[in-house]
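Q: attaching a predicted model along with its sequence, questions to come.
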Amino acid sequence: MNKQFKFTIKSISFDENYNPSENTRITTNFANLARGNKRQENLRNALTMIDDRFNSLAHWDNPNSDRYSVELEIISVEMDIEGKGQTFPAIEILKTNIVDKKTNERIEGIVGNNFSSYVRDYDFSVVLLEHNKNKTEFTTPDNFGDLHGNLFKHFINSDSYKQNFTKTPVICLSVSSKNTYHRTEYEHPVLGVEYLQNELSMTDLYFNKMGLQARYFMPKNSVAPFAFYFAGDLTGDYTNLELISTISTMETFQKIYRPEIYNANSTAGQEYQPNLSNQNYSLTDIVYDREERSQLAIEQGKFTEENFIKPYRAILEQWSANYAL
């Protein structure tokens, strides 16, 4: 492992007073909420939705559905390639913490949840676009996602990660609108009904290179399955409360950002294909500019190319080619 690459972990509370730092990817779910005239109202409403959903799932010994609240931390990971103090904002994830108001206990939740990465923006908004320019059939380059995957694994295995977090990340994303999902007989007490998909999506392959695999579950009273990406044993390594903290947080975000799927007025059946053109859905009261977000992803991919890929290309390519855990 390259000792040159140093990771610095910074944490900031995501609450109704949150303001994005200059280094935050402004396409990030939580940063997008915290902008504009309604920023505080947006944040307050989203946090209330998270708490309400948590209590609905953690219903045992919770007669008034108000026993728990979720506290969120934004974890920003900065990377120093040469050990000279020049850092680049590599990764941003969310950490959940659970407050049990009955016992006055603060319980550690899951790290991961939401996942943001400048290098992923570069891969999807620069590399893929360039690779497929003037082509009739969409393909991915042979080494697509290799560098990003190796950087992520390097971080998860770093001393910085191990000193700050006790378990490996779980990242929860929307299911792919290109795939079909089949309901199984298996039902987890918290994650809900498991679905299997007909083939791996491009996101699955990309996350596989990060050392993560996916399972698909539709929790009780959800309307569509979620993709849960993890490294170990999803149903064995995490407690029910930890899993509920991820479901309640990410379902709230997805209802805001993907209402066509996650705030649809009909529930996924035996066979399910997500449809972003679905018109039969409800909007939350939370303001969000989706078009701006897709434009920013391209800008931030180019920013990564200029400030990270080009200056360090030789070092990164050599390191990635020789990378092994």
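A: Now that the structure is in, tell me what you want to look at.
Q: next, the contact list for Asp52, please.
A: Counting by Cβ atoms under 8 Å, 6 or more residues apart in numbering, Asp52 touches Ser65. For glycine as for every other residue, the C-beta is placed from the backbone atoms N, C-alpha and C.
Q: give me the neighbour count for Ile81.
A: 19 (other Cβ atoms under 10 Å).
Q: swap in the one 10 residues further on?
A: Counted with other Cβ under 10 Å, the burial measure for Ile91 works out to 24 neighbours.
Q: apart from its chain neighbours, what residue comes closest to it?
A: With Cβ to Cβ, 6 or more residues apart in numbering as the measure, Val77 is the residue that lies nearest to Ile91, at 4.1 Å, once sequence neighbours are left out.
Q: and the pLDDT at the one you found?
A: On the pLDDT scale, Val77 is placed at 94.
Q: all numbers from here: first residue = 183
A: From this message on, residue numbering opens at 183, which makes the last subject Val259.
Q: which element is the closest residue to Tyr444 other than its chain neighbours on?
A: Once flanking residues are discounted, Tyr444 sits nearest to Gln436: 4.0 Å by Cβ to Cβ, 6+ apart. Taking DSSP states H and E as the criterion, Gln436 maps to helix 422-439.
Q: follow-up on the earlier one: quick one: contacts for the residue nearest to Tyr444?
A: By Cβ under 8 Å, 6+ apart, the neighbours of Gln436 are 356, 408, 443-444.
Q: now those as JSON lines including distance to Met392?
A: Below are the contacts of Gln436 laid out as JSON lines (distance: Cβ to Cβ, whole Å):
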{"residue": "Ser356", "distance to Met392": "17"}
{"residue": "Phe408", "distance to Met392": "18"}
{"residue": "Ile443", "distance to Met392": "23"}
{"residue": "Tyr444", "distance to Met392": "24"}
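Q: quick one, the host helix or strand of the residue nearest to Ile273 and helix 422-439 angle?
A: Using DSSP H and E, Val259 maps to strand 250-262. Using axes from the mean of the first three to the mean of the last three Cα atoms, to 10 degrees, the direction of strand 250-262 lies 80 degrees away from that of helix 422-439.
Q: where does pLDDT dip in the chain?
A: Filtered on pLDDT under 70, the chain yields the residue ranges 183-186, 202-219, 469-476, 506-507.
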